[in-house]
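# what follows is a predicted protein model with its sequence.
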Amino acid sequence: MDSEIEENRKKAKEENSLYSKTFLKNNLQMKPKKDSYPREFWKNEYKKEYAVYHIDDCECIPEKTEKQKIKWEISNLKRKITIEKNNLDKSYPGKALEILKRKPLFLDTETTGLDDLAQIIELGIVGCNGDVIFESRYNPTVEIDQGAEDVHGISKKSLEKEKIFSDDAKKIKKILLNNLIVIFNSEFDLRLLKNTYKAFNLNYEFLGDVESECAMYFSARYWGATNRYGTISLSNAVYEAGLNFSDFGEAHSAVGDCKATLAVIKKIASDKEKKEIYIKELEEKLENIELKRGLL
């Protein structure tokens with residue numbers, strides 16, 4: 001008998017506790033005797049009742065023959081493969097990989113503030129290989145909030161000689177309408193784009209046709225929210241991904257944040273590739289075991 005199973009049984013006797021059928025089978029290789037009755041009924045987290053037994057009311061499950069062990073292993077492997085395949089494309093890693101296959105562009109902005117009059121003062125767009133597609137700063141028609149300046153470090157005075165947003169409006173529109181755009185907090189950036197087009201009396205209705213994906217919600221669903229809004233900051237997502245912001249340039253620069261967002265999505269997508277390798281290994285193991293069974 002397996003030494004670990006033997007040790008578990010010894011510990012169970014000493015604890016004198018009660019155990020579910022699942023625990024008995026998986027950890028002690030035991031099952032309730034035919035004439036035994038549950039000592040109690042407990043409830044799980046879903047309020048569903050399940051029976052629990054004392055070890056004295058149980059008997060050892062006979063060790064499987066070699067053929068039985070192989071049959072069980074084959075059944076278990078088939079179940080694992082089915083579960084992994086079913087979850088693969090539905091998972092966030094699967095969705096992230098599908099997004100990357102479409103060669104999207106990654107967009108980020110720095111702004112004068114957060115309100116409905118706030119405008120874009122820096123816009124960056126990066127390709128899925130990290131190449132800079134577009135980068136520019138703009139002289140806004142409104143003041144920069146002190147809180148915003150404290151974050152990105154861009155002052156109104158430093159933008160006095162920069163062009164105005166309307167100079168690039170048509171170019172930006174063309175880029176946005178002809179690509180899938182991935183944005184960390186797409187709702188905010190698209191709203192600020194609308195504000196800025198509006199501020200220069202430009203048509204902004206096309207923004208409703210822009211195909212976009214929000215990397216912020218992807219990250220929050222994958223790693224978990226880190227605030228009361230149910231979202232996660234880009235810096236926290238970069239941390240959860242095991243990456244360093246310094247690798248992408250200056251933090252809170254449009255292009256730097258684009259590159260960080262790209263890296264975060266790539267990190268999430270890489271887990272699907274690992275899963276695919278894992279499934280392949282399971283399939284190879286299954287094939288070898290079935291071959292072994294054929295030789296018995």
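It's in. Small disclaimer: the values here were computed from a predicted structure and weren't measured.
# for the rest of this, base every contact and every neighbour count on C-alpha atoms.
Noted.
# which parts of the lowest-mean-pLDDT helix or strand in the chain are buried?
Taking mean pLDDT, DSSP states H and E as the measure, helix 66-88 is the helix or strand of the chain with the lowest mean score, a mean of 70. Across helix 66-88, burial judged by 16 or more other C-alpha atoms under 10 Å covers 70-71, 73-74, 77, 81, 88.
# what helices and strands are in contact with that helix?
Under the contact criterion of 3 or more C-alpha pairs under 8 Å, 6 or more residues apart in numbering; DSSP states H and E, helix 66-88 touches helix 254-295.
# chain center to the helix it packs on: distance?
Mean-position distance between helix 254-295 and its chain equals 14 Å (C-alpha atoms, centre = their mean, to the nearest Å).
# and the closest residue to residue 112 other than its chain neighbours, how close does it get to residue 9?
The spatially closest residue to residue 112, leaving aside those adjacent along the chain, is residue 144, at 4.2 Å (C-alpha to C-alpha, 6 or more residues apart in numbering). With distances taken as C-alpha to C-alpha, to the nearest Å, residue 144 is found 69 Å from residue 9.
# from the contact counts, what lies against the strand or helix carrying residue 134?
Per DSSP states H and E, residue 134 falls inside strand 132-137. Under the contact criterion of 3+ C-alpha pairs under 8 Å, 6+ apart, strand 132-137 touches strand 120-127, helix 254-295.
# how is the residue nearest to the spatial centre of the chain assigned, secondary-structure-wise?
By C-alpha atoms, centre = their mean, the chain has its centre lying nearest to residue 222, at 2.7 Å. Secondary structure assignment for residue 222 (DSSP: H, G, I helix; E, B strand; the rest coil): helix.
# ok so, going back, which among the helices and strands packed on strand 132-137 is found nearest to residue 110?
Closest of the helices and strands packed on strand 132-137 to residue 110 is strand 120-127, at 4.9 Å (criterion: C-alpha to C-alpha).
# CA atoms only: put the closest one into CSV for me.
Extracted in CSV, the C-alpha atoms of strand 120-127 (Å, rounded to 0.1, in the frame of the first residue of the first chain):
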residue,chain,number,x,y,z
ILE,A,120,-6.1,64.8,-25.2
ILE,A,121,-2.7,66.3,-25.0
GLU,A,122,-0.7,63.2,-25.9
LEU,A,123,-1.7,60.2,-28.1
GLY,A,124,0.2,57.1,-28.7
ILE,A,125,-0.6,54.1,-30.9
VAL,A,126,1.6,50.9,-31.0
GLY,A,127,1.4,47.8,-33.2
